[in-house]
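Enquirer: this is a predicted model, with the sequence first.
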Amino acid sequence: MFSARAGVDLAPNRLSAALAKLREEGTAFADLTLSNPTRAAFDYPGDLLASLADPRGLVYDPAPFGLASARECVSVDYARRGVAVRPDRIVLTASTSEAYSFLFKLVADPGDEVLVPRPSYPLIAHLARLDAVAAREYDLEYHGAWSIDFDSVERGITDRTRALLVVSPNNPTGSFVTGAELDRLAALCAPRHVAIITDEVFADYELTPGANRRAGRPLDPRDVLSFSLGGLSKSAGLPQAKLAWIAVAGPEALVRSSLARLELVCDTYLSVSTPVQASAAELLTRGALVRDQIQARVSGNYRALLSRAAATPACGVLTAGGGWYAVVRVPSIQPEEELVVSLLANERVLTHPGYFYDFPREAFLVISLLVPGATFEPAIDRIFRHFDCRAVAGT
């Protein structure tokens, strides 16, 4: 009686079972999978959300794309990053997940396809399935730095492909798309009437100095319909505020047609609350207080991770340009699932295995850089010591 779109395997895997057991026993462990900034010991101003009580929130004046004042604020925030976007090209949503859903409804019919990067966050494929869209993969390759495998893009595009997704910086690889890659994607997509959707939610957070400046800008003029996604969840560390956005760019006729159809989709849901729109200026401005703390934390932890890995020849950290995560290459001494369960049981450190993100081969650990340094550094010491010991034992 249930839709296949909601059909998932709810059986716990070995890692979740081991984690549940530790929690049941009350055993402490270091959680290096932390993704919630509100649980990461940042100093949030106590009155940061006070503007949600603005009296303007008491008046319901529905606007499909969001209040003009809030869209203007998002336009100003893009300008902070050196990107020019007119407010009338901005569409507000409650989350980037919802933004994906709206865009899938805009460009694809049931059974159509979208191309998604691999490795990447598994939520994207899940969102596509919920909108009855098939997710096909194209590959990111690592040769000292990440790049798009364009052969896999060309193989992946079919006559049912409606959009190609880019995540910049990618979660979890931390790789920014380059301008040259965007130009090449546009040349492939435009003649095939394939839109480009770029998720830039982590764009504020730089791990390698200069990576943000060198990154390609999805909204720069190109002959392809493009959508850029962002939101308060990452840019201000406020996932609970529920405000995100889509910026639209490309050939004028396609932009106008897209906005006309998006207006119908957005008007059907009207999901963004008035209070958060009324307080958008305050949240975007004062959110910098949290954003600066996140930037300092993730870049500091990334440097510490690189330093510690340099002393462990058996392991290595894959180069990342930005974001909240790092990928550690470790010896392939056991299957990844056994490895992360072993780290949790023996070292009391929780990490994610690479296969969660569709890495094509083993063995990789995905580590959150949001974790406070007082927890992060001892935890990574235990991880690398684990492999030091295994390497010695194997000689």
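Expert: The structure has been received and is ready for your questions. Numbers count the residues shown, from 1 in each chain.
Enquirer: all helices of the stretch 101-250 of the chain, in order?
Expert: With DSSP state H, counting those that start in this stretch as the criterion, the stretch 101-250 of the chain has helices at 123-130, 150-156, 179-189, 211-214, 232-235.
Enquirer: give me the number of residues near S299?
Expert: The burial count assigned to S299 is 17, neighbours taken as other Cβ atoms under 10 Å. Placement of C-beta: from N, CA and C, glycine included.
Enquirer: that one contacts A211, doesn't it?
Expert: No. When contacts are counted by Cβ atoms under 8 Å, S299 is not listed as touching A211 (10.7 Å).
Enquirer: how about the strand ranked longest in the chain: buried residues?
Expert: Using DSSP state E, we find that the single longest strand of the chain is strand 134-142. By 16 or more other Cβ atoms under 10 Å, the buried positions in strand 134-142 come out as A134, A135, R136, E137, Y138, D139, L140, Y142.
Enquirer: which residues does the most centrally placed residue in the chain contact?
Expert: Geometric centre of the chain, nearest residue: N171, 4.9 Å, by Cα atoms, centre = their mean. Neighbouring residues of N171 by Cβ atoms under 8 Å, 6 or more residues apart in numbering: S120, Y121, F202, G323, W324, Y325.
Enquirer: same thing but at 7 Å, please
Expert: With contact set as Cβ atoms under 7 Å, 6 or more residues apart in numbering, N171 has these partners: S120, Y121, F202, G323, Y325.
Enquirer: quick check, the fourth one in contact with Y205.
Expert: Yes. Taking Cβ atoms under 7 Å as the definition, G323 is a contact partner of Y205 at 5.8 Å.
Enquirer: who has more neighbours, those two?
Expert: Between G323 and Y205, counted using other Cβ under 10 Å, the more crowded position is G323 (28 against 25).
Enquirer: could you measure from that one over to D223?
Expert: 29 Å (Cβ to Cβ, to the nearest Å).
Enquirer: ranges for the strands of the stretch 51-200 of the chain?
Expert: For the stretch 51-200 of the chain, the strands defined by DSSP state E, counting those that start in this stretch cover 90-93, 113-118, 134-142, 146-148, 161-167, 195-199.
Enquirer: same list (those) but as TSV, adding mean pLDDT and distance to G373.
Expert: Shown next, in TSV, are those (pLDDT from 0 to 100; distance: least, Cβ to Cβ, whole Å):
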stretch	mean pLDDT	distance to G373
strand 90-93	98	34
strand 113-118	98	30
strand 134-142	97	27
strand 146-148	97	26
strand 161-167	98	26
strand 195-199	98	28
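Enquirer: now tabulate those strands in CSV and tack on distance to R217.
Expert: Shown next, in CSV, are the strands of the stretch 51-200 of the chain (distance: least, Cβ to Cβ, whole Å):
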stretch, distance to R217
strand 90-93, 16
strand 113-118, 18
strand 134-142, 19
strand 146-148, 16
strand 161-167, 12
strand 195-199, 9
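Enquirer: so which of those gets nearest C266?
Expert: Closest to C266 of the strands of the stretch 51-200 of the chain, according to Cβ to Cβ: strand 90-93, at 6.3 Å.
Enquirer: so what's the residue count around V201?
Expert: Quick note: V201 (other Cβ under 10 Å) scores 23 neighbours.
Enquirer: and it, what does it touch?
Expert: T96, L229, G230, G231, S233, K234.
Enquirer: mind listing what the nearest residue to G174 once chain neighbours are set aside touches?
Expert: Distances taken as Cβ to Cβ, 6 or more residues apart in numbering place A320 nearest to G174, at 2.7 Å, with adjacent residues excluded. Residues in contact with A320 (Cβ under 7 Å, 6+ apart) are T173, G174, S175, L207, T208, Y302, A326.
Enquirer: how close does the residue lying closest to R286 once chain neighbours are set aside get to R385?
Expert: Counting by Cβ to Cβ, 6+ apart, R286 lies nearest to L48, which is 5.9 Å off, once chain neighbours are set aside. For L48, the distance to R385 equals 39 Å [Cβ to Cβ].
Enquirer: between the two, which one's more packed in?
Expert: The neighbour comparison of L48 against R385 (other Cβ under 10 Å) goes to L48, with 19 against 13.
Enquirer: okay, now the nearest residue to F29 once chain neighbours are set aside: neighbour count?
Expert: Nearest residue to F29 in three dimensions, chain neighbours excluded: R348, at 4.2 Å (Cβ to Cβ, 6+ apart). Number of residues near R348 (other Cβ under 10 Å) recorded here: 14.
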